[in-house]
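> only geometry, no sequence info:
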């Protein structure tokens, strides 16, 4: 049924979109899972997480109707966008409301319990504890070995020490803050551009492999000299060495053989900071670079922190930040919410829409890049004023290569948020039938969105 | 490794108590006499990943001050309020390693560029366009020893010589070969992590002590925050650092070196979390605070560090840092402080006049800006800093499900921070913590979010009076004096410096040692260099329970 939307794709093109796309998919081009094919090979499926801080106002964000074609409440109005490739953004995004984080008597560490519970499946019992790897790291463990970069972490929040991509409490993947730096990392001199003609591998790349192998030779000697605490840290270090070896192997193999791949244009001027215009602009620039990186299969896992869980978003000239406002600002009795704080909810949802729209604009195979992605949009709380962890807002965009049915509103009816994480892992090909601990253990995926 | 940490035998030293009791001069207690036996069950050792600052300093120390070391590699881990503690937990992620390798490669290229290769290589290759194993070996052995903080093993050297030869041949360039060999040293875990080793103590087989070579790194990164120099390494390899006289001689040399200033700076920058300035995280709203620029922020940080270093290296009382009017000034800072500055460019020593209402570090721009929001001051954050960092008292996190609307609205009838915060104290859920933090912070409300003086907020006069654990004050200067007299101030410095030195929180078996160090610090007149000496001479610094074992991660059912 959902394939009907491909017609809308075509309509969008005729209406004047500059993007060239294929005809609507015919069944003969699909395998039994409805997966798009390109050159006989399956296109890569990518996973990403997009996080914003300080939640939303549940009554103003949650759609009234469930299933496809759900209504757009005022705080989701950003999804009411026409895509240049046809259809509306709403039909690419599923809303997952009413999924809860269960504390089992543990403290609700403000802005942390809900976030870490949702991303790791376990609620921490100490303030800064990360009890298990985050979802993106679990998926990168499965897919990261196939690409140049195991994963790409990005942040618009301007803090080099903050991401929510954790292997463990002491191992977190630091984010790229600057679009220019992200560009240099992915599309710098090492990038093999399919448009550059004959590929000649750089002799230095092979010599770098010798350098790494000398480092690996130090391994056993060192492991014998340390305790188990340090053995774990060194294992992580040597995993990272192997990852770089693999990165070099990918580079030596030459440019990616993907029709949609080309070197990204250098990003425009950047202004880094947490004024809402700055974060919005950084998010757009990063989304653009990421879309090229994904189209060139440089990574299959990414995460973006649009704003920190203690959201520092603010308006120029204002003495208050988003997070402060959610606690300090009075409820306007006439409307029943905090008007200034809510401005940042709107801005966050617009930024989420910007991000997804960008992926939906890139043609790939017979559809779009977004069709081959699964992007989880989520926050740390529902109503930030009371640090609500019931009904943590979550959204899933994309079709994951045909495995997902997008554009559905599902109410979790107080079931744990881990059901969403379980669904994502299964769709991304991980062999798991349960995820999470104690009351957060999930065994039932969200069947409504899975094909 | 299990130790009998639960059982603590306290044999309080007599000498420190005597000094305090008899009012002997401070220096008389701080000669180089051997410290008395304090029963100490020291904690475990662990690999310590170099902090970004140590990575950079070590490289420039060994390969030349001209080298620009790329920043922003793998972020440092801050635990228990110190990067030095986090360094015992940090590992290297894939993206971090990618950046370490790129940085190492950029460093090696600069070290061996045409302008600098001769001084760093130290031998003449037979040909610049071919391999030369003997010259490569000499270079790798010498530089490798300084980077690994010990002599390389034969295997380690051979592996790097092989890289140098292979690369020189493939690229037809001797120095390009050395670049790759140097890169492999710079990304080795033996460089990125400080590896400490322990051995059975010859005087007491039940104890483990750090080896002489491990002591070199401990001393060097604590006192100078960089890799050991050749003299220290030679002393270490000679066994001097497990010998009382040999150790004392090196400590004397290191404490007398101007590099001690670097060590003290690095400690306070870590303790006060000044890395936030370096990371550009101390942001202010440009419309509300046009005077606040990145340049001002850097000078504000620098002012405080200069003040601390000058004060402490002169042997002055640590506690006076919170009352002193002596500081340093630039023209740009002078604008915010509203004081005339004769020197047109650069720094000048400066004494705040009485009417400037500035005394003590807590009146500096740096700490006031750091513990504020982008658009307004925060009495709570400032009070929390004083309690947690200066007095080592825990402030619990706010409860999750409370109604904050009682403290709403900055523009309505509640005009000052005091009026708004009094609402917290009227609520039981909030009062416990806010009673601890707010009276301190409210005394500092005369400094706005960038530390500019003000007498009013939203048109209402600011009341800076209050009480710190029984000591009454009228204003920020009075609060500084109360803080100076606070009984927890000195012991907190001892504890913080000790944690920084050993890279972890103290074990229970180290509490008697900390009590002893407190007495000594007090008896010395709170002289910081003396505290450093006492710490490095203590069994807590020189012995260990063994390697740290992994702890099961909590959160499992």
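Happy to help now that I have it. Predicted model, so just to flag it, every value in this text is computed and none were measured. Numbering: from 1, shown residues only, chains lettered A, B, ... in the order given.

> Go ahead and confirm residue B:257 touches residue B:220.
No. Assessed by Cβ atoms under 8 Å, residue B:257 is found out of contact with residue B:220, at 10.7 Å. All C-beta spots, glycine's among them, are computed from the backbone N, C-alpha and C.

> Please enumerate the strands of the stretch 351-451 of chain A.
Taking DSSP state E, counting those that start in this stretch, the strands of the stretch 351-451 of chain A run over residues A:363-364, A:367-368, A:373-378, A:394-397, A:408-411.

> Which stretch among these approaches chain B most closely?
Of all those, strand A:373-378 sits nearest to chain B, with 18.7 Å by Cβ to the nearest Cβ.

> about what we covered before: mind checking the strands of the stretch 351-451 of chain A for the one nearest to residue A:161?
Nearest to residue A:161 among these is strand A:373-378 (21.0 Å), distances taken as Cβ to Cβ.

> measure residue B:361 to chain A for me?
24 Å (Cβ to the nearest Cβ, to the nearest Å).

> same thing with residue B:356?
Taking Cβ to the nearest Cβ, one finds residue B:356 at 26 Å from chain A.

> What residues does that residue make contact with?
B:325, B:337, B:338, B:339 (Cβ atoms under 8 Å, 6 or more residues apart in numbering or on different chains).

> out of these, which is most surrounded?
residue B:337 (24 neighbours; other Cβ atoms under 10 Å in any protein chain shown).

> My guess is that one contacts residue B:357. True?
No. Counting by Cβ under 8 Å, residue B:337 does not reach residue B:357; the two are 10.0 Å apart.

> Tell me which residue of the stretch 151-300 of chain A lies closest to chain B.
residue A:227 (2.8 Å).

> nearest residue to that residue other than its sequence neighbours?
Residue nearest to residue A:227 in three dimensions, not counting chain neighbours: residue B:547, with 2.8 Å by Cβ to Cβ, 6 or more residues apart in numbering or on different chains.

> go on, residue B:111?
residue B:63 (4.2 Å).

> what pLDDT does that neighbour get?
With respect to pLDDT, residue B:63 has a value of 97.

> Also residue B:272?
98.

> Who are the contact partners of it?
Residue B:272 neighbours (Cβ under 8 Å, 6+ apart): B:304, B:366, B:367, B:370, B:389.

> can you give me the helices for the stretch 301-450 of chain B?
B:331-337, B:365-370, B:379-385, B:417-425, B:428-443 (DSSP state H, counting those that start in this stretch).

> whoops, I mixed them up, chain A
Along chain A, the stretches classed as helices by DSSP state H are A:5-14, A:58-61, A:113-120, A:135-143, A:179-187, A:203-217, A:219-223, A:228-252, A:276-295, A:322-328, A:339-360, A:418-427.

> mind checking which of the ones you listed is nearest residue A:128?
helix A:113-120 (9.4 Å).

> what about the stretch 401-550 of chain B, any weak spots by pLDDT?
In the prediction, the stretch 401-550 of chain B carries residues with pLDDT under 70 at positions B:401-413.

> Residue B:324: neighbour count?
Counted with other Cβ under 10 Å, the neighbours of residue B:324 add up to 22.

> Would you quantify the distance from it to chain A?
32 Å.

> I'd like the strands of the stretch 351-451 of chain A as TSV, with distance to chain B appended.
Below are the strands of the stretch 351-451 of chain A laid out as TSV (distance: least, Cβ to the nearest Cβ, whole Å):
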stretch	distance to chain B
strand A:363-364	25
strand A:367-368	28
strand A:373-378	19
strand A:394-397	20
strand A:408-411	23
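
> got JSON lines for these, with mean pLDDT and mean neighbour count too?
Formatted as JSON lines, these follow (pLDDT from 0 to 100; neighbours: other Cβ atoms under 10 Å in any protein chain shown):
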{"stretch": "strand A:363-364", "mean pLDDT": "95", "mean neighbour count": "22"}
{"stretch": "strand A:367-368", "mean pLDDT": "95", "mean neighbour count": "26"}
{"stretch": "strand A:373-378", "mean pLDDT": "98", "mean neighbour count": "26"}
{"stretch": "strand A:394-397", "mean pLDDT": "98", "mean neighbour count": "25"}
{"stretch": "strand A:408-411", "mean pLDDT": "98", "mean neighbour count": "21"}
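
> Of these, which is nearest residue A:321?
Of all these, strand A:373-378 comes closest under Cβ to Cβ, at 20.5 Å.

> outside of that closest one, which residues touch it?
Strand A:373-378 is contacted by residues A:45-52, A:93, A:118, A:135, A:294, A:352, A:355-356, A:359, A:392-400, A:404, A:420, A:424, A:427-428 when judged by Cβ under 8 Å, 6+ apart.

> confidence score at the residue in the stretch 1-150 of chain A that chain B sits nearest to?
Residue nearest to chain B within the stretch 1-150 of chain A (Cβ to the nearest Cβ): residue A:131, separated by 2.8 Å. pLDDT for residue A:131: 95.

> What about it? Give its phi and psi, please.
phi -70, psi -20 (degrees, to the nearest 10).

> immediately after the helix or strand where residue B:262 lies, which helix or strand?
Here residue B:262 sits within helix B:260-271, counting by DSSP states H and E. Going down the chain from helix B:260-271, the next helix or strand is helix B:275-278, by DSSP H and E.

> That next one: how far from the chain's middle?
With Cα atoms, centre = their mean, to the nearest Å as the basis, helix B:275-278 stands 13 Å off its chain's centre.

> what does stretch B:324-337 give?
For stretch B:324-337 - counting by Cα atoms, centre = their mean - the centre lies 24 Å from the chain centre.

> With adjacent residues omitted, what lies nearest to residue A:371?
Residue A:371 sits nearest to residue A:399 (Cβ to Cβ, 6+ apart), 4.6 Å away.

> how near is the one you found to residue A:357?
Using Cβ to Cβ, to the nearest Å, residue A:399 is found at 15 Å from residue A:357.

> Show me what the residue nearest to residue A:227 is bridged to.
Judged by DSSP bridges, the bridge partners of residue B:547 are residue B:45.

> Does the residue of the stretch 1-150 of chain A closest to chain B touch residue A:113 like I think?
No. Using Cβ under 8 Å, residue A:131 is not in contact with residue A:113; the gap is 11.1 Å.

> if we can go back for a sec, please say which of residue B:257 and residue B:220 ends up with more neighbours.
More crowded of residue B:257 and residue B:220, by other Cβ under 10 Å: residue B:220, with 26 against 14.

> Let me see the confidence value for the more buried one.
98.

> give me the element it is part of.
helix B:212-223.

> That helix packs against which elements?
Packed against helix B:212-223 by the contact rule (3 or more Cβ pairs under 8 Å, 6 or more residues apart in numbering or on different chains; DSSP states H and E) you find helix B:230-237, helix B:244-256, helix B:260-271, helix B:489-502, helix B:528-537.

> Compute the inter-axis angle for the longest one and helix B:528-537.
Helix B:489-502 and helix B:528-537 are oriented at 50 degrees to each other (axes from the mean of the first three to the mean of the last three Cα atoms, to 10 degrees).

> Which residues does helix B:489-502 contact?
Contacts for helix B:489-502 (Cβ under 8 Å, 6+ apart): B:42-43, B:80-82, B:84-85, B:218, B:222, B:267, B:270-271, B:318-319, B:322, B:389-392, B:483, B:505-506, B:510, B:514, B:517-518, B:521-522, B:526, B:528, B:531-532, B:535-536, B:540-541.
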